[in-house]
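S.K.: pasting the structure only:
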């Protein structure tokens, strides 16, 4: 990080070098909903100033003034509410710069380098996590589903408080179900019953998340198509888990069961009629 900051701070602009370094996440100067936000503000020398509109509580914020000043940054690991900012070189760490990471942005002090009369550019990163569980309370992680566990309980953290689409894809990459839950307090929950589609393929499944609007919807696109174009679909999270065939009452098995039951009924009816005929004779 320090070497990155040295290279970074030698430029006049924050966004330009970031485009090359973080091209996986953004097009130059473009925010990615729920994952990354870029923006600017004008310093006013006001202490305890909140910069909002980021859309999430950042995991990492970096600020650069339109001058040769060094970039300042703050990681969540320093304490979201701790007045503790860092430089990228060997200069001592500072206070009164990026004072806190807030639910919709960050708070500034009035120190040099973040909030004097000048234009500043920032980039904020979010850390989204998505995991599958075996219980509705989301207390026990489960990576393999069987006949004893055929309901997938997804739980995500780091999501902005808005609506999302969660879709489930089977081993063949076909979407088998979806729902549009809302995140609350940064958490997102979704549930899928594996017995909902008798034609689903067992094996490695995936749960994908995208914002409910602003991007091309998942629709009928295959899993491979979506992951090949994550920016087009606004793909925020992708969690994989294993679904054994016993967790799905596969269609051929159901048909076979019905056929056997029908045959048993016919045999019973035939034997019963023969017995009645014998008694009457």
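M.R.: Yes, it's here. Keep in mind the model is a prediction, meaning the values are calculated, not measured. Numbers count the residues shown, from 1 in each chain.
S.K.: kindly state the beta-bridge partners for the most centrally placed residue in the chain.
M.R.: For the chain, residue 237 is the residue whose C-alpha lies nearest the centre (Cα atoms, centre = their mean; 3.0 Å). Bridge pairing for residue 237 (DSSP bridges) gives the partners residue 209.
S.K.: ok, it touching residue 127?
M.R.: No - taking contacts as Cβ atoms under 8 Å, residue 237 lies outside contact range of residue 127: 10.7 Å. No exception for glycine: its C-beta is placed from N, CA and C like everyone else's.
S.K.: which residues of the chain fall in helices?
M.R.: For the chain, applying DSSP state H gives helices covering 2-9, 15-21, 223-228, 230-233, 251-280.
S.K.: what about the closest residue in space to residue 128 that isn't next to it in sequence, neighbour count?
M.R.: Closest residue to residue 128 apart from its sequence neighbours, by Cβ to Cβ, 6 or more residues apart in numbering: residue 158 at 4.2 Å. Counted by other Cβ atoms under 10 Å, the residues lying close to residue 158 total 21.
S.K.: contacting residues for residue 158?
M.R.: Residue 158 is in contact with 56-57, 59, 126-129, 186, counting by Cβ atoms under 8 Å, 6 or more residues apart in numbering.
S.K.: try it again at 6 Å.
M.R.: Going by Cβ atoms under 6 Å, 6 or more residues apart in numbering, residue 158 touches 126-129.
S.K.: of these, which qualify as buried by neighbour count?
M.R.: Neighbour counting with 16 or more other Cβ atoms under 10 Å marks 126, 128 as buried within the contacts of residue 158.
S.K.: any low-confidence regions in the chain?
M.R.: Within the chain, the ranges that satisfy pLDDT under 70 run 1-30, 33, 67-68, 90-91, 250-266, 268-281.
S.K.: same thing but at 80, please
M.R.: Segments of the chain classed as low confidence (criterion: pLDDT under 80) are 1-34, 66-69, 89-92, 249-281.
S.K.: quick check: the two most widely separated of the contacts of residue 158?
M.R.: Among the contacts of residue 158, the pair separated by the greatest distance (Cβ to Cβ) is 126 and 129, at 10.3 Å.
S.K.: any idea how far residue 234 is from residue 78?
M.R.: The gap separating residue 234 from residue 78 is 30 Å, by Cβ to Cβ, to the nearest Å.
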